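K.L.:
Sequence plus predicted model, see below.
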Amino acid sequence: MKKQPDAQEPLRGEKLAKAVINQILKAPETWEQKNWHSSCGTKHCFAGWAQILGGGNPQDVSAQSDATRFLEISPYEASILFAGDATLPMLYSFARDYSAGRDAAGYTRAGYDRAGKKLEMVPFEL
């Protein structure tokens, strides 16, 4: 069966991580790291946005597993990135450095990159 020309592959991996950050930078009022999805459905955490932008249904029960799979990350990485106290600079650093290799220490220095420089967060080119 031939694929439809306008059919779009769902975002995965690095592209998805960067798309989530772009969404948060564009509309910060839609990001709330403490809950997968808000009760009104207008705010989502990093994993919640990954679930939605990755093509999943926004459901709390499957947000963590969907986002882990869609982002193509390990359960350990998910435990750091999906934590309620994960900061935007930490998440931005993860997306920026996605293909360069990752370690937990690089994402826990809120507001600073691995070289100790203050982050300038600008939207990613997708």
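P.N.:
Nice, I can see it. Numbering: from 1, shown residues only.

K.L.:
so where's this structure shaky on pLDDT?
P.N.:
Along the chain, segments meeting pLDDT under 70 span 1-7, 100-121.

K.L.:
counting contacts, what elements does the lengthiest helix in it pack onto?
P.N.:
Criterion DSSP state H: the longest helix present in the chain is helix 13-26. In terms of contacts (3 or more Cβ pairs under 8 Å, 6 or more residues apart in numbering; DSSP states H and E), helix 13-26 is packed against helix 46-53, helix 60-71, helix 88-96. C-beta coordinates here come from the backbone N, C-alpha and C atoms, glycine included.

K.L.:
could I get that helix in PDB with only the CA atoms?
P.N.:
The C-alpha coordinates for helix 13-26 follow below in PDB (Å, rounded to 0.1, in the frame of the first residue of the first chain):
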ATOM      1  CA  GLY A  13      13.300  11.300  19.500                       C
ATOM      2  CA  GLU A  14      15.200  14.500  19.100                       C
ATOM      3  CA  LYS A  15      12.700  16.200  16.900                       C
ATOM      4  CA  LEU A  16      10.000  15.600  19.400                       C
ATOM      5  CA  ALA A  17      12.100  16.900  22.300                       C
ATOM      6  CA  LYS A  18      12.800  20.100  20.400                       C
ATOM      7  CA  ALA A  19       9.100  20.500  19.300                       C
ATOM      8  CA  VAL A  20       8.000  20.200  23.000                       C
ATOM      9  CA  ILE A  21      10.500  22.900  24.000                       C
ATOM     10  CA  ASN A  22       9.400  25.100  21.100                       C
ATOM     11  CA  GLN A  23       5.800  24.700  22.300                       C
ATOM     12  CA  ILE A  24       6.700  25.700  25.900                       C
ATOM     13  CA  LEU A  25       8.800  28.700  24.700                       C
ATOM     14  CA  LYS A  26       6.000  29.900  22.400                       C
END
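
K.L.:
I appreciate the help and will end here.
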